[in-house]
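K.L.:
next come a sequence and a model predicted from it.
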Amino acid sequence: MSSYQASGYWYDEGDSVPQGVDLLNLMRRYREAERTMRAQTRSSMGMNETDMSALRFLLGEHRKGVIPRQRDFAEELGISNASVSVLIDRLCRDGYAERIVHPADRRSVGIVPTEYSENEVRGTLHKMHERMMDAVGTLSESERVATAKFLKAMIRSVEIDEHRTETAVRTDARASDRSRNALRSSESDNA
């Protein structure tokens, strides 16, 4: 197969079995389309990425029947307590959330979504979610199994291998210690 055919430029994409690079290119195109959609959604709702992540977390917890506290947002979003306080202030000011006395601990504050936030997110994302479900609905059972296998493998391929990362850090630290010790030894020999 020539490089022209592999690029998808010279053949109808539906006439051939996609090669590995074709699947990766389709994933890239999907990520770009999703990134564009998220930017448009944030813009239409007047939010930044962290605000949207916080709202998604809040609505997800609400669906599970959980009332999160500010510290839960800090942990989920990986931001400081001070930043979470400002973020929650913004969500409350804009009508997406409200603070309540937490039912499990009356000394702490819980954060709940407002009806407005539920309606706003549903109205903004409902059509897109319907189109996504329609796309999934076109797949047979075996195609869904193959797709899930592929996506799980892709997720594993980009996740950080914690064991390997920790090992590399320890190895680098030992090498650094050896270099320092060699330098000290050399300096004491020269003294």
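P.N.:
Nice, I can see it.

K.L.:
okay, which residue is most central for the protein?
P.N.:
Centroid-nearest residue in the chain: residue 53, 8.5 Å away (criterion: CA atoms, centre = their mean).

K.L.:
surely that residue meets residue 73?
P.N.:
No - using CB atoms under 8 Å, residue 53 is not in contact with residue 73, being 9.3 Å away. Every C-beta, even on glycine, is put in place using the N, C-alpha and C of the backbone.

K.L.:
so where is this protein shaky, pLDDT-wise?
P.N.:
Filtered on pLDDT under 70, the chain yields the residue ranges 1-15, 162-191.

K.L.:
hey, where'd the helices end up in it?
P.N.:
Assigned by DSSP state H, the helices in the chain fall at 3-7, 20-45, 49-63, 70-77, 81-93, 115-137, 141-158, 162-190.

K.L.:
return the residues in contact with residue 148.
P.N.:
With contacts defined as CB atoms under 8 Å, 6 or more residues apart in numbering, residue 148 has no neighbours.

K.L.:
circling back: wait, which of the helices of the chain is closest to residue 108?
P.N.:
With CB to CB as the criterion, residue 108 lies closest to helix 70-77 of the helices of the chain, at 8.7 Å.

K.L.:
so what does the closest one touch, helix or strand wise?
P.N.:
helix 49-63, helix 81-93, strand 109-113 (3 or more CB pairs under 8 Å, 6 or more residues apart in numbering; DSSP states H and E).

K.L.:
which residues does the last one contact?
P.N.:
This means strand 109-113. With CB under 8 Å, 6+ apart, strand 109-113 has contacts from 55, 58-59, 62, 67-70, 73, 88, 91, 96-103.

K.L.:
with the first one instead?
P.N.:
Applying CB under 8 Å, 6+ apart, the external contacts of helix 49-63 come out as 38, 41-42, 45, 47, 67-68, 72-73, 76-77, 79, 87-88, 90-91, 96-97, 111-113, 117-118, 121.
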